[in-house]
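J.: The following comprises the amino acid sequence and a computationally predicted model.
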Amino acid sequence: MSEQITFTIDGIEIKGKAGQTIIEAADEAGIYIPRLCYHPELAPHGSCRVCTVLVNGKPQSACTQPIAEGITVENNTKELDEHRRNLIDMLFIEGNHFCMFCEKSGNCELQAVAYRLGILAPKYPYFFPKKDVDSTHPDIFLDLNRCILCGRCVSASRDIDGKGVFEFVGRSIEKKIAVNAEASLKDTNLKQADKAADVCPVGTINKKRTAFAIPIGKRLYDSKPIGSDIESRRK
Ligand code: SF4
Ligand code: FES
């Protein structure tokens, strides 16, 4: 049996298991910590920083920080939510997120986290960057306008599919997702059934001929806020 570790999140006593991260223990205990790049089936990437919590007063990303006996974690504070809103605001203005026309609307984690944190419109001016669209693949459509550089597709393709179809190229504002083929997505061995085609939190990696299978209004986050599935585990 694994060693039990007791600690608190916002004053609530949590019993986790040795080796768990804060987000894993919080999820099991029914406490939602906002996140974007984290995916439970992938190695944590720690890139978006939306899951930042205070551990004994110091900022840490909950998806990478292991739990430890007696630590005090703060998650639900005005300051942390303001920090999260700033990060999410930046993601909206650095890309081109036209939610009203996006097939992912209602299933999009970026949109859902923004709503959960009370963002209705970004407070900074939009960059309107020029981004690529790749529709060459027979079964998958790639729209980099919506990419938030979470890295999930990179990890899933490398670690689960064993293909390495996606990678990051460039730095800073030029950083983007690229495919491991000289020309385009059609020249890769990406398949619709691959994990990499399933993990995108936004509408960048889309499966062709599946759009609007679930109508707007009946999608995952249309009636319940993101995180409510986790909170429903709370005893
Ligand atoms: S394409 Fe999707 S999964 Fe890949 S980095 Fe961009 S947002 Fe993340
Ligand atoms: S969810 Fe932890 S850094 Fe992105």
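T.: Ah, there it is. Ligands and ions are numbered 1, 2, ... in the order given.

J.: which non-adjacent residue is nearest H137?
T.: Once flanking residues are discounted, H137 sits nearest to L185: 4.1 Å by CB to CB, 6 or more residues apart in numbering. To be clear about C-beta, it is placed using only N, CA and C from the backbone, and glycine gets the same treatment.

J.: Let's see the pLDDT reported for the one you found.
T.: Per-residue pLDDT puts L185 at 95.

J.: cool, and S228?
T.: Note for S228: predicted pLDDT of 97.

J.: do the same with E79
T.: On pLDDT, E79 comes in at 98.

J.: With F212 instead?
T.: For F212, pLDDT reads 89.

J.: Check whether it sits in a helix, strand or coil.
T.: Judged by DSSP: H, G, I helix; E, B strand; the rest coil, the three-state class of F212 is coil.

J.: What parts of the chain come near ligand 2?
T.: By CB under 6 Å from any ligand atom, the residues of the chain that approach ligand 2 are 35-38, 46-51, 61, 63.

J.: Strands - which of those residues land there?
T.: Judged by DSSP state E, the subset of the residues of the chain next to ligand 2 located in strands is S61.

J.: Out of the residues of the chain next to ligand 2, which comes closest to I216?
T.: Nearest to I216 out of the residues of the chain next to ligand 2 is L36 (CB to CB; 22.1 Å).

J.: distance of the closest one from P225?
T.: Applying CB to CB, to the nearest Å, the value for L36 to P225 is 15 Å.

J.: Same check on R219?
T.: Computed as CB to CB, the R219 to P225 distance reads 13 Å.

J.: burial count for the nearest residue to G46 once chain neighbours are set aside?
T.: Closest residue to G46 apart from its sequence neighbours, by CB to CB, 6+ apart: T64 at 4.3 Å. By other CB atoms under 10 Å, 16 other residues sit near T64.

J.: Would you confirm that K195 contacts A156?
T.: Yes: with contacts counted by CB atoms under 8 Å, K195 reaches A156, the gap being 4.1 Å.

J.: With neighbour numbers in mind, choose between those two.
T.: A156 (25 against 19).

J.: And that one, what's its pLDDT?
T.: 98.

J.: contacting residues for it?
T.: Neighbour list for A156: 39, 41-42, 194-196, 198-199 [criterion: CB atoms under 8 Å, 6 or more residues apart in numbering].

J.: Okay then, goodbye and thanks.
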